[in-house]
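[1] pasting the structure only:
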């Protein structure tokens, strides 16, 4: 047998290197295949639609969120500034199926409609899992985010209707701020007679959602109601509700309110009040900052209080405000929840309020030293927003509001008597609710 030749030393070394290199190469490939892609993976994108004006206000906080959450990319899609148009865009996306939005930035009155349609995910389990204290928020803001006992919206900012009054004019007339509807009318007429003011009381009389919001407060002040969400009982034709509509009609008949009030939204009322032409005005908190501007004729000459009411009933502030809900077809609900927690947190709310002047949804912030240093009236604002009067949280709210707007507008423009208008509104609402 031929003797086996010894292996060439070069090949011997090569064989040894190969035996070592192959396992190393396999390990390197595994790293490249499994770990490196994870390091370079694109962040999870979370999208939501909101009004362009507010999107601009959110921009610094969106950047902060993305910087502190590198695995999530929050993208705000700018929509129209009219909230009803934004609602329509959300609705259309849901009806078409496979909505592109992970979150809904929604007005409090959208909750029942969106929840009843099955477009939102419930949040109660997530709130419980993360030990979020809902008692830290305004009660009305939390209640307004529920539908059939489930929470669908976490509050981001609040809002509430209130009565603005001229402190200088009341001082000149020797009056305290009114608590009742009658006092408001009497003070207005007296100061008008004395030529201290052209108009007594300004409110939102245009046929739009603001008319319904304003009327909720008048109903509450008369001890009346619109729709009971639990029983779907309609109360618009009760004697108290008819009196509430008659009060608005009376402000026009007695020329306490200008005849053009039936075309006024918030800004028309605010501008007239800011020009110094009225004693009282119903409006939202946003007006306070504008009225306090350096070039405002009423700077330092006004204050706020809860809305007036009848002697036997309490004041009511129509609750507004905005919050975040997670869409049912979101592919990234966990990432969306991180966004909702971030923007509803106390620290972000504090800085957002300081930057924008909006109303917080967390109770503690109304007496926060930093906020009070910039907005001293926020301690008074808490009393207003805690007297919450919710618009009925029913799935058919949009249709019910349209009915009320049409008939209430008919009452204040003398097309119908308040009794006729409220009875027709009640009957049509009952047909809507099949009651």
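    Yep, that arrived. Because the structure is predicted, anything quoted here is derived from the model rather than measured.
[2] three-state assignment of residue 381?
    Counting by DSSP: H, G, I helix; E, B strand; the rest coil, the backbone at residue 381 sits in helix.
[3] I figured it hits residue 357, correct?
    No. With contact defined as C-beta atoms under 8 Å, residue 381 does not count as touching residue 357 (11.1 Å). Placement of C-beta: from N, CA and C, glycine included.
[4] Could you point out which residue ranges in the chain have low pLDDT?
    1-40, 435 (pLDDT under 70).
[5] which is the next helix or strand following the top strand by length along the chain?
    Among the segments of the chain that qualify as a strand by DSSP state E, the longest is strand 317-326. As assigned by DSSP states H and E, the chain's next helix or strand after strand 317-326 is helix 333-344.
[6] What are the contacting residues of that following helix?
    44, 46, 48, 61, 65, 69, 71-72, 74, 102-103, 121, 123, 126, 130, 132, 154-156, 323-327, 330, 348-349, 352, 361 (C-beta atoms under 8 Å, 6 or more residues apart in numbering).
[7] the inter-axis angle of it versus strand 317-326?
    150 degrees (axes from the mean of the first three to the mean of the last three C-alpha atoms, to 10 degrees).
[8] Give me the distance between helix 333-344 and the centre of its chain.
    17 Å (C-alpha atoms, centre = their mean, to the nearest Å).
[9] For it, which residues meet the burial criterion?
    Residues of helix 333-344 classed as buried: 333, 335, 336, 337, 338, 339, 340, 341, 342, 343, 344 (neighbour count, 16 or more other C-beta atoms under 10 Å).
[10] any idea how far the third one is from residue 342?
    In this case it means residue 336. From residue 336 across to residue 342, the span is 11 Å (C-beta to C-beta, to the nearest Å).
[11] Can you give the domain ranges for the protein?
    Here the domain parsing of the chain from automatic domain parsing is 45-159+319-389, 163-318+393-433.
[12] and the end-to-end length of the shortest one?
    Between the opening and closing residues of domain 45-159+319-389 we find a distance of 37 Å, counting by C-alpha to C-alpha, to the nearest Å.
[13] how many neighbours does the spatially closest residue to residue 313 that is not a sequence neighbour have?
    Nearest residue to residue 313 in three dimensions, chain neighbours excluded: residue 223, at 4.0 Å (C-beta to C-beta, 6 or more residues apart in numbering). By other C-beta atoms under 10 Å, the residues close to residue 223 number 19.
[14] On the three-state scheme, residue 223 is what?
    coil.
[15] quick one, what contacts it?
    With the criterion set at C-beta under 8 Å, 6+ apart, residue 223 makes contact with 240, 310, 312, 313.
[16] Return the residues in contact with the nearest residue to residue 173 once chain neighbours are set aside.
    Nearest residue to residue 173 in three dimensions, chain neighbours excluded: residue 191, at 5.4 Å (C-beta to C-beta, 6+ apart). Neighbour list for residue 191: 169, 172, 173, 197, 200, 279 [criterion: C-beta under 8 Å, 6+ apart].
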